[in-house]
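In: Sequence plus the predicted model coming up.
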Amino acid sequence: MSDTSAPVTRKRFVRWLLGTSVGGLVAAVLYPVTRYIIPPKVGESAASSVTLPFPPTEIAKNTGRIFKFGNKPGIILRTPNGDLRAFTAVCTHLGCTVQYRSDLSEIWCACHNGTYDLNGRNISGPPPKPLTPFDVRVRGTQIVVSRKA
Amino acid sequence: MKPSVQGVREGTMRVVHWLDERFGASELLGPLAKKKEVPVHKHTFWYYLGGMVLFLFILQVSTGVLLLFYYRPSAEGAYESVQFLMSDVRFGWLIRSIHAWGANLMIFMMFVHLFSVFLLKAYRKPRELTWMTGMALFGVVLGLGFTGYLLPWNTLSYFATRVGTEIPGVLPVVGHFLLTVMRGGDDVTGATLTRFYALHVSVLPGLCFLIISLHVFLVQRHGMSVPPSVARAGGPKGSVKFFPNFLLHDLMGWLAMLACLASLAAFLPAHLGTKADPFGSAPAGIKPEWYFMFMFETLKLLPSYIFGIAGDIVGIVGFGLVGALLFLVPFIDRGESRTVSRVWTAAGMAMILYIVAFTVLGYLVSGAPGT
């Protein structure tokens, strides 16, 4: 406590003044640099639906294909029964892109051997959550995939 | 338990001492700091310029690294990445503007440093190599300016690079080869951009770092040169310790420079212009960076033939010869003759006048729109 009650000497006054100036300078340099390094948010694709660049006839029964949904991959597949279904293709485990395994009729992630069934439910391996399903509509020769409302 | 100021200070000293026991820095640097002295006389001011250039170089490296975080070196993405940096990245405009202004000021300070050393005859024995490493640094820094100018890939920089790489192209025999190597092909394209990028961010800064180390080592080894005029008048008035006296002044100068740069960046931020279009025509009033202006203007004013030789070849070879002469001046003016010494002083003055006059002329003539 003796520090604060003692009279302020000229030396201490100048030292404080210089110390705070240097502190101010360091802050004035560090603040913009830190803000600069943190990347600005790039608006996530606002698109709620995409029209796929291939016709429904290109997806045979028991096959699947990856498409771009905004800036994330999606997977579209035709079940052995002939239904078209689409899900996000980002594995819920560690974010790899999944693929369709015709031999198993399952969605499979090559990174850690996770599998999902044809409804996108995680059925074996490490994935903790199911894949998010999309709505699929066929309009003539076009497939339109959209987020579920 | 509130830590007292005294306690913090003692703790810090203990850490410093612990580190010093391992590194032995005080054994190494202590005697050096004690020994280094700077002579005081009426020309002492000029001793600060080398340090100023060094400070600006450090600033260029730091801001340059930050720019690399967002820059994409391709003809398709470069302009857009700089645009993103200027408009979306927080303080992106500040970092880029400081880098652009810092480059200009660094080159300006190098001109002043070069000519002050030249006029004070500090290049004489035993400082020949100090001078030559300095001249080499000057060349490398001009190269950094030239290569960096292209990177935003805007109209102005694109055409400045077209013209700049065309210049060595007019030389006989090696001209076309040089042009192709510089451009990475016959034209300025994305291939030129990646080449300039590699040079600008890796080759030239690395070279700079090496030569600066050599240059600073030589300055340290030989101490500050006392100008002949001061030596004749009975030597310097005295000297000050480099550490801490001179260094304190250095730091104050650096701080003032940083403040200058921040103000310039805030009030006159760097422009981006329009994206380069290799199939568009060159805009009116196209001109190089100011430090190439005097050479650009000379080449423009030379007649197309001088004694049967193409005018631009005479110009380029002429500038090359003057550069070589400057580089070798320590071996021509050894300080043995007052007459030779005076001739070189006059030559230095003439060069400064020439550079200033032709730079001003360049801006007066080509600066007007529509010319």
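Out: Arrived safely. Computed from a prediction, not measured in an experiment: that's the story for all the values here.

In: Strands along the chain, start to end?
Out: Using chain A. For chain A, the strands defined by DSSP state E cover A:49-51, A:63-69, A:72-78, A:84-88, A:99-101, A:106-109, A:114-116, A:122-124, A:133-139, A:142-147.

In: try chain B instead
Out: Under DSSP E, chain B gives strands at B:37-40, B:238-241, B:305-306, B:309-310.

In: out of these, nearest to chain A?
Out: Nearest to chain A, of all these, is strand B:238-241, at 20.2 Å by Cβ to the nearest Cβ. For every residue, glycine as well, the C-beta is placed using N, CA and C.

In: Rounded mean pLDDT for that closest one, please.
Out: Regarding strand B:238-241, the rounded mean pLDDT is 89.

In: Quick one, grab the pLDDT at whatever residue of the stretch 201-350 of chain B ends up closest to chain A.
Out: Using Cβ to the nearest Cβ, the closest approach of the stretch 201-350 of chain B to chain A is made by residue B:255 at 7.4 Å. At residue B:255, the model reports a pLDDT of 94.

In: what are the phi and psi angles of the nearest residue to residue B:78 once chain neighbours are set aside?
Out: In this structure, residue B:78 finds its nearest non-sequential neighbour in residue B:153, 4.0 Å apart by Cβ to Cβ, 6 or more residues apart in numbering or on different chains. Backbone torsions of residue B:153, given as degrees, to the nearest 10, read phi 60, psi 50.

In: Residue B:153 contacts residue B:277, doesn't it?
Out: No - judged on Cβ atoms under 8 Å, residue B:153 makes no contact with residue B:277 at a distance of 10.2 Å.

In: Those two - which one has more neighbours?
Out: Neighbours per residue, other Cβ atoms under 10 Å in any protein chain shown: of residue B:153 and residue B:277, the larger number sits with residue B:153, 25 against 10.

In: how near is the more buried one to chain A?
Out: Remark: distance between residue B:153 and chain A (Cβ to the nearest Cβ, to the nearest Å) = 21 Å.

In: give me every residue that touches that residue.
Out: The contact partners of residue B:153, taken as Cβ atoms under 8 Å, 6 or more residues apart in numbering or on different chains, are B:75, B:78-79, B:82, B:193, B:275-276.

In: and if we set it to 6 Å?
Out: B:78-79, B:276 (Cβ atoms under 6 Å, 6 or more residues apart in numbering or on different chains).

In: Relative to residue B:273, how far out is it?
Out: Distance from residue B:153 to residue B:273, counting by Cβ to Cβ, to the nearest Å: 10 Å.

In: Please enumerate the shared neighbours of the two.
Out: Residues touching both residue B:153 and residue B:273 (Cβ under 6 Å, 6+ apart): there are none.

In: Give me the mean pLDDT for stretch B:44-56.
Out: Across stretch B:44-56, the per-residue pLDDT values average to 95.

In: Pull the residues that contact that stretch.
Out: Contacts of stretch B:44-56 with the rest of the structure, by Cβ under 6 Å, 6+ apart, involve B:102, B:106, B:109-110, B:112-113, B:116, B:224, B:250, B:253-254.

In: picking that back up, now the contacts of residue B:153: which count as buried?
Out: With burial judged by 16 or more other Cβ atoms under 10 Å in any protein chain shown, the buried subset of these is B:78-79, B:276.

In: would you turn those residues into CSV with pLDDT?
Out: Listed next are the buried ones among the contacts of residue B:153 as CSV, based on pLDDT from 0 to 100:
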residue, pLDDT
B:78, 96
B:79, 96
B:276, 91
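
In: give me every residue that touches residue A:125.
Out: So residue A:125 contacts A:113-115 (Cβ under 6 Å, 6+ apart).

In: again, 10 Å this time
Out: The contact partners of residue A:125, taken as Cβ atoms under 10 Å, 6 or more residues apart in numbering or on different chains, are A:91, A:93, A:108-109, A:111-116.

In: I'd like a version of these in a markdown table, one that adds pLDDT as further columns.
Out: Compiled in a markdown table, those are given as follows (pLDDT from 0 to 100):
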| residue | pLDDT |
| --- | --- |
| A:91 | 91 |
| A:93 | 90 |
| A:108 | 93 |
| A:109 | 92 |
| A:111 | 90 |
| A:112 | 91 |
| A:113 | 91 |
| A:114 | 92 |
| A:115 | 93 |
| A:116 | 95 |
